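Visitor: After the sequence you'll find the predicted model.
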Amino acid sequence: MTDKTLLQDLSARGLIAQMTSEEELEQHLAEGSVTLYCGFDPTADSLHIGSLVPLLALKRFQQAGHKPLALVGGATGLIGDPSFKAQERKLNDDSTVAGWVEKLKGQVSQFIDFDCGANSAEVVNNLDWTRGMDILTFLRDVGKHFSVNQMIAKESVKQRIDREGEGISFTEFTYMILQSYDYQQLNASHGCTLQIGGSDQWGNITGGTELTRRMNGNKAFGLTLPLITKSDGTKFGKTESGTIWLSPAKTSPYAFYQFWLQTNDADVYNFLRYFTFLSIEAIDALEKADAEREGRPEAQSVLAREVTRLVHGEEGLVAAMRITDALFSGNLSDLSEADFEQLQLDGLPSSSLAGIDLVETPLTTLLSDAGLAASGKQIKDALQRNAVIVNGAEKGMDDNMKAAEVFAAANGTYGRFFLVKLGKKKHHLFVI
RNA sequence: GGUGGGGUUCCCGAGUGGCCAAAGGGAUCAGACUGUAAAUCUGACGCGCGAGCUUCGGUGGUUCGAAUCCACCCCCCACCA
C-alpha cells in the first residue's frame, strides 16, 4: 500500500461490506499498529475457499503493519453459528471439534506471519476463556448486557424466527453472546480493537463492539467483508464434486487450480481483486488487454496461478500446471513413463485395475466406481454420445462389456497406463 | 400438556387407491456451439449394460393392488398453557 491507505485499497477491491464508524476507523488505523482478529469455526477438518477472503484480509492488514489474531473457535464450534442459516445444525462432539481445531490452526497459520516483530500474528482459541466459566457468571456478567429484543431483531436470525417451519434453539441463539464475549476478552487481553469477518457476521461483530464498550469501556471497531457471489447466481466455492477445500488432502492442488481456471468471464476480474495481491492497476490493465484481444481471456489463468500459489505454494502450483498441460494440451505422447508416475503423485485422480475382473465388469461400473461419475447411468449417457475417450480413442456402448479389451496391456501407454477422459474436463488415470 | 399444520426422490414442491419411479422448477451431468467461459438448444437425471430391482418419516394392517385408506409410534413447526 504505497500511496493509498489500507481501507482505500480494500474498498477499491470491493472488499468492504460494512464498517462501524468509517472515519474513526480510518483514523484509528492511521495512528499506528492495530490489533485485529477474525474467527474461524471448526465445522470440518479443513477450511474451504469461503474462508479465503477473511484469511487474506488478515494478511493484508498484517502487510500494512497491523497485528492479526486468528481465532479458532474451539468453543463456538461446539455451539454452531445460526447467522443466516436456514436450519438448526447438528452438534458435533467435543473430541471431534478439538481435532478440527488443531487442523485449522495449521491452515490459518499458512497465511499470516508469526515472526515479523511487533506485529507478529497469534493464534488464539476461545475455548481457553470459555471452558472454565460457570453458567451463573455467564448469565450475570455477560448475559445481562444483552437485550433479547435486540437479538431477535437481528437480520441474521430473522429467517429462523419468522420463517414458517423453522425455529432456533436457545443454544444457537446464544452464539452471538459467545462471540461478543470473545471480542471483549481479546480487547482486554490483547488490546484488540478491530474484528473482521464475513458480512454474515455483522450482527455478531456489532454485538462484540457493544459488549466491549459496556464491559471494558473501550471503543472497538468492526469491518465485514462481502459475501462472494457469482454472476450466474450459483453458490461460490462448490462444484459438482463438492466443496473446494484448502487442504491438499481434500482438494488436490490440481483440482484447486482447475476450479479457478474455470471461473466465468463475468466474475474473474472481481475474483482477482478479492483473492490476489495484484494491484488494482495491474488488474485493470489485464481486463483492458483481455477486452481488446479476440478469444480467450488471460485473466483466468492469472487468477488460477496466483491463488494456487497462495494456498499450495510454488510446488503445488507447478504440479497443478504440469497435469493441466499434459491433459489439455492433447499431446500425451510426449509424456515419459516417469511423467505418468509423477502425474499420479501430483494429484491426478487415478486407480489401479489390479484385481478387477475386466471380463465381467462393464465400463459403466468400472468408471463410476472410479469416481468419474455418480452413477453408471451417467457413464452410459456419455458412452452413447461418444464422450468417453481412452488413450485418445472414443468408446461407445458397444465397448461397454469389453473392458478386458479396452484395458488390455497391449493397448496401454507403456503397457500399463490408460488415460480415460469423460467429457471435456474429467480425467482419470487407470494403471494395470 | 392442549390445539392446529406438517414429514415425497439432491433441494423446493405436485401428487389422496391402479394410468406413479412419482408433475413442475432448481441444481447437476453429457452433447451441439465455443475459449476447459457465458448464453442458447438437445438429452439424461432412484439403482442396474440388461432382464429387472428398491423408494414417498417408521412399524404393522386393510386391499387383487397403497406415496395415497386404517392403527400405533417417531420427528418438525405454529399458537395456547
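Guide: Now that the structure is in, tell me what you want to look at.
Visitor: how about the strands of the stretch 301-432 of chain A, start to end?
Guide: Secondary structure of the stretch 301-432 of chain A by DSSP state E, counting those that start in this stretch: the strands cover A:350-352, A:388-390, A:393-395, A:417-422, A:426-431.
Visitor: And the last one, how far out from the chain middle?
Guide: This means strand A:426-431. The gap between where strand A:426-431 is centred and where its chain is centred comes out at 26 Å by C-alpha atoms, centre = their mean, to the nearest Å.
Visitor: Just the buried positions in that strand, please.
Guide: With burial defined by 16 or more other C-beta atoms under 10 Å, the residues of strand A:426-431 counted as buried are A:426-431. C-betas here are computed from N, CA, C, even on glycine.
Visitor: Domain-wise, how is chain A divided?
Guide: Following automatic domain parsing, one gets these domains for chain A: A:6-225, A:238-333, A:349-431.
Visitor: Let me have these in TSV, extended by mean pLDDT and distance to A:Leu343.
Guide: Putting the domains of chain A into TSV (pLDDT from 0 to 100; distance: least, C-beta to C-beta, whole Å) gives the following:
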stretch	mean pLDDT	distance to A:Leu343
domain A:6-225	91	24
domain A:238-333	90	6
domain A:349-431	91	6
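Visitor: returning to what we had before: how about the strands of the stretch 301-432 of chain A, which one is nearest A:Gly39?
Guide: Judged by C-beta to C-beta, the one of these that comes nearest to A:Gly39 is strand A:426-431, at 36.5 Å.
Visitor: What strands line up against that closest one, and which way round?
Guide: Sheet pairing for strand A:426-431, assigned by DSSP bridges, gives strand A:350-352 (parallel), strand A:417-422 (antiparallel).
Visitor: I'd assumed A:Cys38 was in contact with A:Val124.
Guide: No - counting by C-beta atoms under 8 Å, A:Val124 sits too far from A:Cys38 to count as a contact (10.9 Å).
Visitor: between those two, who's got more neighbours?
Guide: Neighbours per residue, other C-beta atoms under 10 Å: of A:Val124 and A:Cys38, the larger number sits with A:Cys38, 24 against 21.
Visitor: how about that one, what does it touch?
Guide: The neighbourhood of A:Cys38, defined by C-beta atoms under 8 Å, 6 or more residues apart in numbering, consists of A:54-55, A:57-58, A:68-71, A:195-197.
Visitor: near RNA strand B, which residues of the stretch 251-400 of chain A?
Guide: Along the stretch 251-400 of chain A, the residues adjacent to RNA strand B under the rule C-beta under 7 Å from any atom of the strand are A:258, A:261-266, A:295-297, A:300, A:324, A:328, A:362, A:364-365, A:368, A:373-378, A:380-382, A:385, A:387, A:397, A:400.
Visitor: Mark which of the residues you listed are part of helices, please.
Guide: A:258, A:261, A:265-266, A:300, A:324, A:328, A:364-365, A:368, A:376-378, A:380-382 (DSSP state H).
Visitor: Now restrict the residues you listed to buried residues only.
Guide: When those are checked for burial by 16+ other C-beta under 10 Å, the buried set is A:258, A:261, A:300, A:324, A:364-365, A:368, A:376, A:378, A:380, A:382.
Visitor: Pick out whichever of these sits closest to A:Tyr274.
Guide: For A:Tyr274, the nearest member of these is A:Gln300. The distance, counting by C-beta to C-beta, is 14.4 Å.
Visitor: For the residue in chain A that RNA strand B sits nearest to, which non-adjacent residue is closest in space?
Guide: Closest to RNA strand B within chain A is A:Gly376: 2.3 Å, counting by C-beta to the nearest atom of the strand. For A:Gly376, ignoring the flanking residues on the chain, the nearest one in space by C-beta to C-beta, 6 or more residues apart in numbering is A:Thr364 at 3.5 Å.
Visitor: Could you verify my assumption that that neighbour touches A:Met397?
Guide: No - in terms of C-beta under 8 Å, A:Thr364 does not count as a neighbour of A:Met397; the distance is 9.3 Å.
Visitor: Now list whatever residues contact both of these two.
Guide: Taking C-beta under 8 Å, 6+ apart as the contact definition, A:Thr364 and A:Met397 share the neighbouring residues A:380, A:383.
Visitor: At which residues are the helices of the stretch 1-150 of chain A located?
Guide: Taking DSSP state H, counting those that start in this stretch to define them, one finds helices in the stretch 1-150 of chain A at A:6-12, A:22-30, A:52-63, A:76-79, A:94-109, A:127-130, A:135-137, A:148-153.
Visitor: And the buried ones among the ones in helices among the residues of the stretch 251-400 of chain A next to RNA strand B, which two are furthest apart?
Guide: Using C-beta to C-beta, those span at most 35.2 Å, a distance reached by A:Gln300 and A:Thr365.
Visitor: Please settle this for me: is A:Arg213 part of a helix?
Guide: Yes - assessed by DSSP: H, G, I helix; E, B strand; the rest coil, A:Arg213 belongs to a helix.
Visitor: check the buried residues of strand A:426-431 against RNA strand B, which are close?
Guide: By C-beta under 7 Å from any atom of the strand, the members of these lying near RNA strand B are A:Lys426.
Visitor: now the helices for the stretch 151-300 of chain A?
Guide: Shown for the stretch 151-300 of chain A, the helices assigned by DSSP H, counting those that start in this stretch span residues A:155-162, A:170-173, A:175-190, A:202-216, A:253-261, A:265-275, A:280-292, A:299-328.
Visitor: Give the other helices and strands that the first one contacts.
Guide: When contacts are defined as 3 or more C-beta pairs under 8 Å, 6 or more residues apart in numbering; DSSP states H and E, helix A:155-162 sits against helix A:202-216.
Visitor: For the residue most central in space within chain A, give its distance to A:Ala153.
Guide: If you average the C-alpha coordinates of chain A and look for the closest C-alpha using C-alpha atoms, centre = their mean, you land on A:Ile49, 1.1 Å from that point. From A:Ile49 across to A:Ala153, the span is 32 Å (C-beta to C-beta, to the nearest Å).
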